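> kindly return the folded structure for what I paste below:
(2 chains)
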Amino acid sequence: MAEPSKKEENKVVDEGIDVGISRLTEEKIQSVINSVIDSETGARLKAYVETCIHCGLCSEACHYYLSHDNDPHYSPVGKVKQTIWEMVRKKGRVSPEFIRRAAIIAHTECNLCKRCAQYCPFGIDIAYLISVVRRIIHKLGVTPLYLQDTAHSHSVTMNQMWVKGDEWPDTLQWQEEEAQAEIPNLRIPLEKEGADVMYSVIAPEPKFQAQLIYQAAVIMHVAGVNWTMPASVGWDNSDMAMFSGDNELMGRLKRTHFETAARLKVKKIVMGECGHAFRSVYDMGNRWLGWSMPPFTIVHAIEFYHDLIKEGRIKIAKKYKPPITLHDPCNVVRGGGLHEKARYVAHAICEKVIEMHPNREHNYCCCAGGGVINTGPPFKMTRIKGNRVKAEQLFGAKTKGAEVLVAPCHNCHSGLHDIVHHYEIGLDIKFFGDIIYEVMEKPE
Amino acid sequence: MHSFYNFVSGPLAWVAFILFFGGSIYRIVSMLKLVAEKERFIFSYMSWRYSLRSIIHWIIPFATVNWRRQPVLTVVTFAFHLCLLATPIFLLSHVVLWDEAFSISWWTLPDAVADIMTIIVILGAVYFLVRRVTQPEVKFVTSVSDFVILAIVAAPFITGFLAYHQWLSYPLVMCLHVLAGDIMLAAIPFTRLSHMLFSPFTRAYMGSEFGKVRHARDW
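From the prediction side, this is the model:
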């Protein structure tokens, strides 16, 4: 039944994968696969593999499958068949070439968005199965180069973007000074022990989107939030190790993050508009550390804005005019149930909100999440071609009049930017923070 | 033929029932033990409320997005599974056997209804077979075992239908019917027919994760 894949033509070269593969032997593959399966998996893997009735009902959940004209190689169960099923069935006796395909499938053809979990009648967690594959790929040293570089950055600097120790407070000071030109008494409080809120961001914000920190500082200031940011490591809530299968590193990152919040004696952690970081802090990293739920109250930006607006702590001077459409990021909607709060915020700050379809928990993934965008340029077109269905969905919203696409997640933002650009959809993409900053009442 | 019938409906039936009940209990208990040994955290995420919320949505036709997307399959699969479970339990001639052997009996289906339900199971199996060989996304993930388990499930109903209508050689068909029933019972815990045992658990866990942690619907 295993026809050769139709997509041999885009045989991309990735140094992390290809160099890694060249170092593999069949014995090493077998011992790594079996050690992961034996010592790191249990009833879930067993039940998921043995319960799956091969019905294919998960297929239409997947944006890759839909975007590739229903090519079964891209269906969730198809990807499982080409990876973990074979590894289990052959007891790890698979070839390096098999591992190469498995690495590409697990890292670039699945965003771990879990939409398929909502379509499987048995509730089989296919994203978990793909995560097990990624764990094996990690232990074999075959992780895509760009993603692995990000993990290296995490390991060395405790942030995702090689931001050096002095660059972080420098950037905050720079943004504070910029914002003081607008609001002279605005501060970005560093290391303020006992503040209510520790605000954490992902490293791309100081690296190349520093204006987001500026905007957040203005919102905090106007709302009168008693907040702080850490001056040293622990400020970055991002986590590519979670997606590269490096669970130990994920644990180090989250421990640092939580311990920083503990050191600052804050009541809760508020995080910027990022989806994967939410998944890491709220769902994955805490579990690795033994917390069934996070040791701190984790408030994603959507919920934070929702509460500030609802409590009247920020007021909207004049609603945003251009009609917007709202993208529901998987990690905070399917992973955190923030869809209605996002709509509350959208309606509070914008004159017109046009729904895209499907939406809420059933929204299509941006195809950037799950670490896929972090596999970098070699796989850029995999992402874009793998999400034609998103382009169609966005175009549907555009034809109903949407001019701006709000995506409250960094990965979604970047991924959607590529899709909007490639398919020439013509939507501006914004964060909630961009719009709130623009429309809120600010001191004269 | 007579002694063969006595064998399949006597000792072999005992073996089949023991394998079915014993095997099912063994599979579930050993799976729960595995959870306790290696993934204990699963217990702490389980929630009755969200488990049931999820299971109830998925056992009602058209109550989930995916059931609504697949109307033909939904009708077929619900009819198939319902008839598959109900027909052998409430068939008059089966209840008569229970009555004769152990003096226990219960409500039974009229024969005409049971006949239609048998046809539904057979047609359902044909539908699944056709779907398996014609739908690319199903064909791609199909292995020999999928045809085998489909045959295991269809065989008791095909032979039962033939026996009821006394087509072909009745004694032979009857023997095959009992044998097929024995095989199906014994196969449930040890093949992917075990989705009968495990799907409530996988569904419940996903429902609990979605309800308790993710605050989202899993249907």
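> from the stretch 201-350 of chain A, which residue is nearest to chain B?
A:Gly337 (2.6 Å; Cβ to the nearest Cβ). All C-beta atoms are positioned from the backbone trio N, CA, C, and that covers glycine.
> can you tell me which residues contact that residue?
A:Gly337 makes contact with B:Arg214, B:His215, B:Ala216, according to Cβ atoms under 8 Å, 6 or more residues apart in numbering or on different chains.
> and chain A, which of the residues you listed reach it?
B:Arg214, B:His215, B:Ala216 (Cβ under 8 Å from any Cβ of the partner chain).
> how close does the residue of chain A most remote from its centre get to chain B?
Within chain A, A:Glu444 marks the point farthest from the mean C-alpha position, 37.1 Å out by Cα atoms, centre = their mean. Plainly put, A:Glu444 is 40 Å away from chain B if you go by Cβ to the nearest Cβ, to the nearest Å.
> ditto for A:Lys114
8 Å.
> what's the nearest residue to that residue if we skip its chain neighbours?
A:Ala127 (4.7 Å; Cβ to Cβ, 6 or more residues apart in numbering or on different chains).
> got a pLDDT number for B:Tyr5?
Here, the pLDDT recorded for B:Tyr5 equals 88.
> over to B:Ile60?
Note for B:Ile60: predicted pLDDT of 97.
> which strands or helices does the lengthiest helix in chain B pack on?
Ordering each helix of chain B by length in residues (DSSP state H) puts helix B:11-38 first. Using 3 or more Cβ pairs under 8 Å, 6 or more residues apart in numbering or on different chains; DSSP states H and E, the elements in contact with helix B:11-38 are helix A:43-51, helix B:41-45, helix B:170-187, helix B:195-208.
> redo that, cut-off 6 Å
Secondary-structure packing of helix B:11-38 (3 or more Cβ pairs under 6 Å, 6 or more residues apart in numbering or on different chains; DSSP states H and E): helix A:43-51, helix B:170-187, helix B:195-208.
> which parts of the last one are buried?
Think helix B:195-208. B:195, B:197-208 (16 or more other Cβ atoms under 10 Å in any protein chain shown).
> hey, C-alpha coordinates of it in CSV?
The C-alpha coordinates for helix B:195-208 follow below in CSV (Å, rounded to 0.1, in the frame of the first residue of the first chain):
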residue,chain,number,x,y,z
HIS,B,195,-10.9,-0.3,19.9
MET,B,196,-14.2,-1.5,21.5
LEU,B,197,-12.3,-1.7,24.8
PHE,B,198,-9.9,1.2,24.5
SER,B,199,-11.7,3.9,22.6
PRO,B,200,-13.7,5.0,25.7
PHE,B,201,-10.4,5.6,27.5
THR,B,202,-8.7,7.4,24.7
ARG,B,203,-11.7,9.5,24.1
ALA,B,204,-12.1,10.2,27.9
TYR,B,205,-8.5,11.3,28.2
MET,B,206,-8.6,13.6,25.2
GLY,B,207,-11.9,15.0,26.5
SER,B,208,-10.4,15.6,29.9
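> now that helix against helix A:43-51, angle please.
Interaxial angle of helix B:195-208 relative to helix A:43-51 (axes from the mean of the first three to the mean of the last three Cα atoms, to 10 degrees): 130 degrees.
> again with the longest one
With the same axes, to 10 degrees as the criterion, the two stretches helix B:170-187 and helix A:43-51 enclose an angle of 160 degrees.
> where do the strands of chain A begin and end?
Secondary structure of chain A, counting by DSSP state E: strands at A:197-200, A:227-228, A:268-271, A:297-300, A:324-326, A:353-354, A:404-406, A:428-430.
> dump those strands to JSON lines, plus distance to A:Gly386.
Below are the strands of chain A laid out as JSON lines (distance: least, Cβ to Cβ, whole Å):
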{"stretch": "strand A:197-200", "distance to A:Gly386": "31"}
{"stretch": "strand A:227-228", "distance to A:Gly386": "39"}
{"stretch": "strand A:268-271", "distance to A:Gly386": "28"}
{"stretch": "strand A:297-300", "distance to A:Gly386": "26"}
{"stretch": "strand A:324-326", "distance to A:Gly386": "21"}
{"stretch": "strand A:353-354", "distance to A:Gly386": "25"}
{"stretch": "strand A:404-406", "distance to A:Gly386": "19"}
{"stretch": "strand A:428-430", "distance to A:Gly386": "19"}
